[in-house]
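structure for the following, please:
(chains A and B, ligands or ions: 1)
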Amino acid sequence: MAINSVAVVGVSRLAGELVKLSQASGLTATLHADADAVSTSASLVIETHAGAESDKKELLKKLDARVSGSTVIVSSCLAFSPTAIASWSAAPERVVGFATFYPLADKKVIELSGGLRTGDDSLEQAEEFFRRLGKETARVKDAAGLIFPRILSLIINEAARALDEGVAEEEAIDAAMKLGVNYPSGPLRWADRVGLDEVLAVLEGAHRESGDDRYRPSPLLKKMVAAGWLGEASGKGFYEYKA
Amino acid sequence: MSVNPSKIGVLGAGTMGAGIAQVAAQAGFDTLLYDVSQEFIDRGLGRIRTFLEGSRKRGKLSAEQEQQILARLKGTLKLEDFSGVGLVIEAVPEQIELKREIFKKLDAACGIETILATNTSSFSVTVIAAAARRRERVLGLHFFNPPPLMALVEVVQGEQTGAATMETATELVRRMGKTPVAAKDTPGFIVNRIARPFYNEALRILNDGGATVETIDKVMKGAGGFPMGPFELMDLIGIDINFAATQSLFEAFFHDPRFRPSPIQQRMFLAGNLGRKTGRGFYTYGDK
Ligand SMILES: NC(=O)c1ccc[n+]([C@@H]2O[C@H](COP(=O)([O-])OP(=O)(O)OC[C@H]3O[C@@H](n4cnc5c(N)ncnc54)[C@H](O)[C@@H]3O)[C@@H](O)[C@H]2O)c1
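Numbering: from 1, shown residues only, chains lettered A, B, ... in the order given. Predicted coordinates for the structure are as follows:
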């Protein structure tokens, strides 16, 4: 089935970017804060919710009721494996996972992943969608956070731990990683950019899924998210941002 | 005896020592390079000459500047020659007993005001400093390879390093044309610690069949914007060096699972597939 209209569901900055980029690529795209107003005729639905499990379950259930069972749903798998997300839909074969961080503009490659019950044709449609947006895709194994979001979140987690332990100050940590190993951004500044809540969601997802303590989130990161210090989007994270 | 702050001494004329000596001489410091035999000193000085010659041929250095830099560099086999220098940087092989022995000797050979720095990557600065009596004058100056090209120096404060020592050393690093970054004496300091997941999680994903080497590298470059993928970078650094760094952090953090080494990397290390330098690592190179 050709993709001509996309419904983007979510309140994240990534959702806004997906709409703009879809429109710029000649697709009809609409933005929806939740599933209630999603057009029943959308040829593909993409949703960016990375937070609580109950909200995500509810969202998938509502989408099931709105769009036909054959419409592909591309769902952010930052915090849950594609298999888990698909299990919350009555038609798991049409659910595909994707994982990336804001901003979309600088991403040349988008990671996609099918759950155990995801159909190959659904994956192909998701690939087709991102190709239309001018992105390359990479298929990777079913897991929360996939590859780049997971590795970056662990780097940020370690930076937050080092900061919390008083090893060095924010600017020192960021400068060291840029100059010592050529990272494109310091990890703390990077965390502010993508949002500390998203980083925490990836770590908690990987921790929950694997039970492996290598993913346990830094207490500082948890406290900052609890305090609403999410980074650029909220005006304060590891650094301050003027509105 | 007072020291000469524009004089720097370097111990060990290997990869790091020769590079650090070059940086110091280029920045205008009179530089003494010490090693255990004249042959090693000559080899180190030879590498510096080759590097400078290359810079001159690429128009980055005039013949006159090249001569001035070389004139500021002297080799020595006598530790006593370090007595009047402002700063000594130790870059001998990464063996704790060797380093402690050298700090004990430096303590005796150098003026009381001389600052003693270690370039260790994986040992505690505090433990090395404990071999000397002037512990408030000992710190870590962690350069990156190759020193002439890498801007960063981690200035590492041991438990007993004095604030004045940190300040003076930071200023000297700036005068050497490098960017100093202060860190407390903790395992891996800043960079080697925070960079661990870049390698370890990539290896974990590979081990679990999450994606191929090529896909993981492609994603980290194409989605993450990293200049090299983790496997390309490990091949460049050397699997042995990278594995040793991971093992040392794992030990230093009392086996915290965050630093658990990968069985894949261990196998490659034991098999001698060390990356580019052996022609075979995660990728194969040339016809080696
Ligand atoms: N190679 C790197 O990438 C890198 C990066 C940062 C820090 N370091 C650290 O720098 C230090 C040196 O590493 P390297 O790679 O230059 O090693 P290297 O083997 O290239 O050089 C060591 C030099 O020390 C000399 N030496 C041996 N015993 C000595 C002694 N008793 N007194 C004086 N000199 C002696 C050797 O002859 C050799 O020339 C180590 O502590 C290492 O951990 C290395």
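
switch to C-alpha atoms for all contacts and neighbour counts from now on
Will do.

and for the residue in chain A that chain B sits nearest to, the neighbour number?
Residue nearest to chain B within chain A (CA to the nearest CA): residue A:214, separated by 4.0 Å. Counted with other CA atoms under 10 Å in any protein chain shown, the neighbours of residue A:214 add up to 18.

which residue packs closest to it, ignoring adjacent ones?
Once flanking residues are discounted, residue A:214 sits nearest to residue B:258: 4.0 Å by CA to CA, 6 or more residues apart in numbering or on different chains.

that neighbour contacts residue A:217, doesn't it?
No - Residue B:258 is not in contact with residue A:217 according to CA atoms under 8 Å; the separation is 10.8 Å.

quick one, which of these two is more surrounded?
Shown here are residue B:258 and residue A:217; by other CA under 10 Å, residue A:217 has more neighbours (24 against 20).

in chain A, which residue sits closest to the ligand?
As assessed by CA to the nearest ligand atom, the ligand sits closest to residue A:180 within chain A, at 10.2 Å.

which of the three states applies to residue A:144?
coil (DSSP: H, G, I helix; E, B strand; the rest coil).

does it touch residue A:208 like I think?
No - judged on CA under 8 Å, residue A:144 makes no contact with residue A:208 at a distance of 9.3 Å.

and those two? Which one has more around it.
Taking neighbours as other CA under 10 Å, residue A:144 and residue A:208 compare with residue A:144 leading, 32 against 16.

what sits against that one?
Shown in contact with residue A:144 (CA atoms under 8 Å, 6 or more residues apart in numbering or on different chains): A:77-82, A:150, A:202, A:205-206, A:209.

just checking, which of those residues belong to helices?
Among the contacts of residue A:144, the ones falling in helices (DSSP state H) are A:82, A:150, A:202, A:205-206, A:209.

from the residues you listed, which two are the most distant?
A:82 and A:150 (14.5 Å; CA to CA).

more neighbours: which of the two?
Using other CA under 10 Å, the more surrounded residue of residue A:82 and residue A:150 is residue A:82, with 31 against 27.

so for that one, what's the pLDDT?
Among the per-residue scores, residue A:82 shows a pLDDT of 97.

for residue B:1, same thing?
pLDDT, read off for residue B:1, is 48.

also the one 5 residues further on?
Model confidence at residue B:6, given as pLDDT, is 90.

so it touches residue B:88, yeah?
No - between residue B:6 and residue B:88 there is no contact under CA under 8 Å: 11.4 Å.

neighbour count winner among those two?
Between residue B:6 and residue B:88, residue B:88 has the larger neighbour count (other CA under 10 Å), namely 24 against 16.

now do the helices in chain A.
A:13-24, A:53-66, A:82-87, A:120-132, A:148-164, A:170-181, A:187-194, A:196-210, A:219-226.

against which helices or strands is the last one packed?
It stands for helix A:219-226. helix A:148-164, helix A:196-210 (3 or more CA pairs under 8 Å, 6 or more residues apart in numbering or on different chains; DSSP states H and E).

again with the first one
Under the contact criterion of 3+ CA pairs under 8 Å, 6+ apart, helix A:13-24 touches strand A:5-9, strand A:28-32.

with the fifth one instead?
Counting contacts by 3+ CA pairs under 8 Å, 6+ apart, the secondary-structure elements packed against helix A:148-164 are helix A:170-181, helix A:187-194, helix A:196-210, helix A:219-226, helix B:191-194, helix B:196-207.

now those helices as TSV including distance to residue B:54 and mean pLDDT?
Output for the helices and strands packed on helix A:148-164, formatted as TSV (distance: least, CA to CA, whole Å; pLDDT from 0 to 100):
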stretch	distance to residue B:54	mean pLDDT
helix A:170-181	23	98
helix A:187-194	35	98
helix A:196-210	45	97
helix A:219-226	47	98
helix B:191-194	29	98
helix B:196-207	33	98
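
turn those helices into a markdown table, columns for distance to residue B:162.
Shown next, in a markdown table, are those (distance: least, CA to CA, whole Å):
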| stretch | distance to residue B:162 |
| --- | --- |
| helix A:170-181 | 19 |
| helix A:187-194 | 29 |
| helix A:196-210 | 36 |
| helix A:219-226 | 29 |
| helix B:191-194 | 23 |
| helix B:196-207 | 30 |
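
picking up where we left off before, next, the residue nearest to residue A:214: secondary structure please.
Under three-state DSSP, residue B:258 falls in the helix class.

report pLDDT for it.
What the model reports as pLDDT for residue B:258 is 97.

how about the residues of chain A by chain B?
By CA under 8 Å from any CA of the partner chain, the residues of chain A that approach chain B are A:100, A:106-111, A:138-142, A:147-148, A:151-152, A:154-156, A:158-159, A:162, A:166-168, A:172-173, A:175-177, A:179-184, A:212-215.

make it 7 Å
Chain A comes close to chain B at residues A:107-110, A:138, A:140-141, A:148, A:151, A:154-155, A:158-159, A:167-168, A:172-173, A:176-177, A:179-180, A:183-184, A:213-214, as judged by CA under 7 Å from any CA of the partner chain.

show me what contacts the closest residue in space to residue A:150 that isn't next to it in sequence?
Nearest non-adjacent residue to residue A:150, counting by CA to CA, 6+ apart: residue A:202, 6.3 Å away. Residue A:202 makes contact with A:78-79, A:144-145, A:150, A:153, according to CA atoms under 7 Å, 6 or more residues apart in numbering or on different chains.

can you check residue A:222 too?
Counting by CA under 7 Å, 6+ apart, residue A:222 has no contacts.

ok, now with 8 Å
By CA under 8 Å, 6+ apart, the neighbours of residue A:222 are residue A:200.

so how far is residue A:201 from it?
Plainly put, residue A:222 is 10 Å away from residue A:201 if you go by CA to CA, to the nearest Å.

ok, residue B:118 next?
Distance from residue B:118 to residue A:201, by CA to CA: 40 Å.

what of residue A:130?
Taken as CA to CA, the span from residue A:130 to residue A:201 is 24 Å.

more crowded one of these two?
Neighbour comparison, residue A:130 and residue A:201: the larger count goes to residue A:201, with 22 against 18 (by other CA under 10 Å).

for the closest residue in space to that one that isn't next to it in sequence, phi and psi?
The spatial neighbour of residue A:201 that comes closest, neighbours along the chain excluded (CA to CA, 6+ apart), is residue A:79 at 5.3 Å. Per-residue torsions, residue A:79: phi -110, psi -10 (degrees, to the nearest 10).

any stretches of the stretch 151-288 of chain B with poor pLDDT?
B:287-288 (pLDDT under 70).

around chain A, which positions in it sit nearby?
Taking CA under 8 Å from any CA as the measure of proximity, the stretch 151-288 of chain B contacts chain A at B:151-152, B:154, B:181-186, B:189-191, B:193-198, B:201-202, B:205, B:209-211, B:215-216, B:218-220, B:222-227, B:256-259.

ok, now with 7 Å
Neighbours of chain A within the stretch 151-288 of chain B, by CA under 7 Å from any CA: B:151-152, B:181-184, B:186, B:190-191, B:194-195, B:197-198, B:201, B:210-211, B:215, B:219-220, B:222-226, B:257-258.

domains of the chain?
Assuming you mean chain A. For chain A, automatic domain parsing gives the domain ranges A:5-139, A:148-234.

actually it's chain B I care about, not the one you picked
Split by automatic domain parsing, chain B gives B:4-184, B:191-278.

mind listing the strands for the stretch 51-200 of chain B?
In the stretch 51-200 of chain B, the strands defined using DSSP state E, counting those that start in this stretch lie at B:73-76, B:85-90, B:115-118, B:138-143, B:152-157, B:179-184.

cross-check the contact I'm expecting between residue B:135 and residue B:160.
Yes - with contacts counted by CA atoms under 7 Å, residue B:135 reaches residue B:160, the gap being 5.8 Å.

have a look at those two and say which one is more surrounded.
Shown here are residue B:135 and residue B:160; by other CA under 10 Å, residue B:135 has more neighbours (20 against 16).

list the contacts for the more buried one?
Residue B:135 sits next to B:129, B:160-161 when contact means CA under 7 Å, 6+ apart.

okay if I get the residues you listed as TSV plus distance to residue A:19?
Listed next are those as TSV, based on distance: CA to CA, whole Å:
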residue	distance to residue A:19
B:129	59
B:160	57
B:161	55
